[in-house]
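Visitor: dropping the sequence and predicted coords here.
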Amino acid sequence: MLMPWVLGLVLVCYVAGIVSTVSMLGRSILCYAMASPSRRKDIPG
């Protein structure tokens with residue numbers, strides 16, 4: 001009787017982990033992309 005609930009909880013946790021990982025990766029990529037041009041401008045030459 002509880003099997004569907006257990007599977008649902010596992011799926012929710014799995015999807016939440018994937019979403020958090022993707023958002024972390026996207027944020028780090030965005031931060032790197034936004035920081036790179038400003039760093040290049042700061043370097044004289």
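Guide: Okay, I see it. Bear in mind the structure is a predicted one, so any value in this text is a computation, not a measurement.
Visitor: just the mean pLDDT for stretch 15-28, thanks.
Guide: Stretch 15-28 carries an average pLDDT of 94.
Visitor: mind listing what's buried along that stretch?
Guide: Buried residues in stretch 15-28, defined by neighbour count with 16 or more other CB atoms under 10 Å: none. C-beta: built from backbone N, CA, C; applies to glycine.
Visitor: got the contact list for it?
Guide: With CB atoms under 8 Å, 6 or more residues apart in numbering as the test, stretch 15-28 has no contacts from any other residue.
Visitor: what about it, distance to the chain center?
Guide: Chain-centre distance of stretch 15-28: 2 Å, with CA atoms, centre = their mean, to the nearest Å.
Visitor: stretch 19-32 too?
Guide: Chain-centre distance of stretch 19-32: 4 Å, with CA atoms, centre = their mean.
Visitor: just the helices in the protein please.
Guide: 3-42 (DSSP state H).
Visitor: what's the neighbour count on A33?
Guide: The tally of other residues near A33 (other CB atoms under 10 Å) stands at 9.
Visitor: I'd like to know how far it sits from L25.
Guide: Using CB to CB, to the nearest Å, A33 is found at 12 Å from L25.
Visitor: please apply the same query to V12.
Guide: V12 sits 21 Å away from L25, going by CB to CB.
Visitor: chain center to stretch 20-40: distance?
Guide: Distance of stretch 20-40 from the chain centroid (CA atoms, centre = their mean) equals 10 Å.
Visitor: what about L7, neighbour count?
Guide: Neighbours of L7 under the rule other CB under 10 Å: 10.
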